[in-house]
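Trainee: task: produce atomic coordinates for the following.
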Amino acid sequence: MPFLTEHITAFSDSPLAALTEKTPWALTTNSLLAVRRLLSGISEDFRISGDVAVHPTATVEAGALIKAPAIIGPGCFIAAGSLIRGGCWLEENCIIGPGCELKSSFLFSGSKLAHFNFVGDSVVGARVNLEAGSIVANFRNEFADPKILILHAGEIIDTGVDKFGALIGDDCKFGANAVIAPGAIFERGAIIARLALVDQRPR
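Mentor: Numbers count the residues shown, from 1 in each chain. Below you'll find the predicted structure:
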């Protein structure tokens, strides 16, 4: 788990640390199973309906749609018009704003998708903020072979999967309408400018 522990300070003390998936792309690829395993040991404080657990201090506005399995932690806010697709875990005090879609992703404490964001198949550290319209894409539609390759620290990583968005370290900030191409790794505190396109695929 070096990727996860190096980029997300709280990872080792989180429920995710006990899961068997050791890379961020393994975690997101197996998100449905992972979240169901987390549900099996969840605190009795949560309100559980089917395979959706919502902490009583969380707010889920009318018109938000949460598909199972999902865990919405303490103090989270899920706005009207947002969509959380199956296989998502939100730690605490996370915000999913109006018009946002979150798919097969894991968010740590205090992270925010402001408005009209898409984040797919990603692991998002604590206190990350995505301004309006910023996108973390999860599939390389432009290639005949969509397998995710990442150039990181001078090495090419073959993830072995064809869907993965990003590993986003703690305290990152993405500007409005930035686009993150599939297969990205962001160090803690990275700042992405408005309208930026970030593509870490090896050329």
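
Trainee: I figured Leu149 hits Asp162, correct?
Mentor: No: counting by Cβ atoms under 8 Å, Leu149 sits too far from Asp162 to count as a contact (10.6 Å). All C-beta atoms are positioned from the backbone trio N, CA, C, and that covers glycine.

Trainee: which helix of this structure spans the most residues?
Mentor: Using DSSP state H, we find that the single longest helix of the chain is helix 31-40.

Trainee: only the C-alpha atoms, please, for it, written as PDB.
Mentor: Only the C-alpha atoms of helix 31-40 are listed here, as PDB (Å, rounded to 0.1, in the frame of the first residue of the first chain):
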ATOM      1  CA  SER A  31     -15.100  -1.100  -4.900                       C
ATOM      2  CA  LEU A  32     -18.500  -3.000  -4.700                       C
ATOM      3  CA  LEU A  33     -17.000  -5.900  -2.800                       C
ATOM      4  CA  ALA A  34     -14.800  -3.500  -0.700                       C
ATOM      5  CA  VAL A  35     -17.700  -1.400   0.400                       C
ATOM      6  CA  ARG A  36     -19.800  -4.500   1.200                       C
ATOM      7  CA  ARG A  37     -17.000  -5.700   3.400                       C
ATOM      8  CA  LEU A  38     -16.900  -2.400   5.200                       C
ATOM      9  CA  LEU A  39     -20.700  -2.500   5.700                       C
ATOM     10  CA  SER A  40     -20.400  -5.900   7.400                       C
END
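
Trainee: which neighbours in the sheet does the very next helix or strand once past it have, and how are they oriented?
Mentor: Counting by DSSP states H and E, the element after helix 31-40 in chain order, helix or strand, is strand 47-49. Strand 47-49 pairs in its sheet with strand 52-54 (antiparallel), by DSSP bridges.

Trainee: what does the partner strand rub up against?
Mentor: 39, 42, 46-48, 60, 66-72 (Cβ atoms under 8 Å, 6 or more residues apart in numbering).

Trainee: among the residues you listed, which ones are buried?
Mentor: Applying 16 or more other Cβ atoms under 10 Å to the contacts of strand 52-54, the neighbour count classes 39, 46, 60, 66, 68-72 as buried.

Trainee: hmm, which two among those are most spread apart?
Mentor: Comparing all pairs in the buried ones among the contacts of strand 52-54 by Cβ to Cβ, the longest separation belongs to Leu39 and Val60, at 16.8 Å.

Trainee: who's in contact with the longest helix of the chain?
Mentor: 15-16, 19, 21, 27, 48, 51, 53, 69-71, 86-89, 104-106, 121.
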